[in-house]
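Trainee: prediction below, plus the sequence it came from.
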Amino acid sequence: MGQNSSNSDGLMSTRHTLDVSTGEEWVQVTIEGAGGTVRIELPGRVHLVDWVDLEAGGYSLLVNGWSYDVTVREVDGSYHVSVNGKLFQVALRNPKEFRGRTLHTDEAAGPRSVAAPMPGKVVRLLVQKGDTVEEGQGVAVVEAMKMQNELRAPRAGTVKSVEVAENQAVNAGESLLVIE
């Protein structure tokens, strides 16, 4: 699920990368930290979050100087998250847990785009138009914030198109290639 590493203070830090959805679109979110402070990477932005666990499922968060009261309840495999009284239904999945599994028919059908999770630069393309790929196979490497991230195929199929070139700057959400 996550991995442990030491931060600059020598304290243990945990890093989790999850796919998160509040509707039809899945985005990759990375959470890293120790104690009551975490760093959250979302497509196109990074937040340092101070948090306090108030009670089972209740949290107080301080994000960029703004205070949020958050409650989280698991309901039928998804989460009901209330942020300052506004309710969101959130689904989570760990990409590593889903590699090699068959998706539901409606998710697997049709072309699927591989998009940049945040602004950066395409360092390396690992596939070309016409290549056959397996679900979870690396297809491109994007550098953002001095970190290289290997993007993986969301499904098995054939690379229909490659829409970027190596060393090209890309925006968050920009399609890099399409697999059908």
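Mentor: Done, it's in.
Trainee: and Gly120, how far from Val81?
Mentor: 28 Å (CB to CB, to the nearest Å). Any C-beta I mention is one placed from the backbone N, CA and C, and that applies to glycine too.
Trainee: just grab the bridge partners of Val20 for me.
Mentor: The partner list for Val20 in beta bridges (DSSP bridges) reads Val27, Leu92.
Trainee: count the neighbours of it for me.
Mentor: Using other CB atoms under 10 Å, Val20 has 15 other residues around it.
Trainee: and for Leu92?
Mentor: For Leu92, the count of nearby residues is 15 (other CB under 10 Å).
Trainee: more neighbours: Gly120 and Val81, which one.
Mentor: Gly120 (22 against 17).
Trainee: quick one: contacts for the more buried one?
Mentor: By CB atoms under 8 Å, 6 or more residues apart in numbering, the contact list for Gly120 reads Val142, Glu143, Ala144, Met145, Asn149, Ala169, Val170.
Trainee: farthest-apart pair in those residues, please.
Mentor: Spatially, the most separated pair among the contacts of Gly120 is Asn149 and Ala169, at 14.9 Å (CB to CB).
Trainee: with neighbour numbers in mind, choose between these two.
Mentor: Shown here are Asn149 and Ala169; by other CB under 10 Å, Asn149 has more neighbours (20 against 11).
Trainee: from Gly157, how far out is the more buried one?
Mentor: 21 Å.
Trainee: make a PyMOL selection of the buried ones in the contacts of Gly120.
Mentor: The PyMOL command for the buried members of those (criterion: 16 or more other CB atoms under 10 Å) is given here:
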select buried, resi 142+144+149+170
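Trainee: isn't Ala140 up against Leu125?
Mentor: Yes: using CB atoms under 8 Å, Ala140 makes contact with Leu125 at a distance of 5.4 Å.
Trainee: of those two, which one has the most company?
Mentor: Set Ala140 next to Leu125 and count neighbours by other CB under 10 Å: Ala140 wins out with 23 against 17.
Trainee: excluding its backbone neighbours, what's nearest the more buried one?
Mentor: Spatial nearest neighbour of Ala140, excluding adjacent residues (CB to CB, 6 or more residues apart in numbering): Leu151 at 4.8 Å.
Trainee: the helix or strand that contains the one you found: which residues count as buried?
Mentor: According to DSSP states H and E, Leu151 maps onto strand 147-152. Using 16+ other CB under 10 Å as the test for burial, strand 147-152 gives Asn149, Leu151, Arg152.
Trainee: over to stretch 79-93?
Mentor: Buried, per 16+ other CB under 10 Å, within stretch 79-93: Tyr79, Val81, Ser82.
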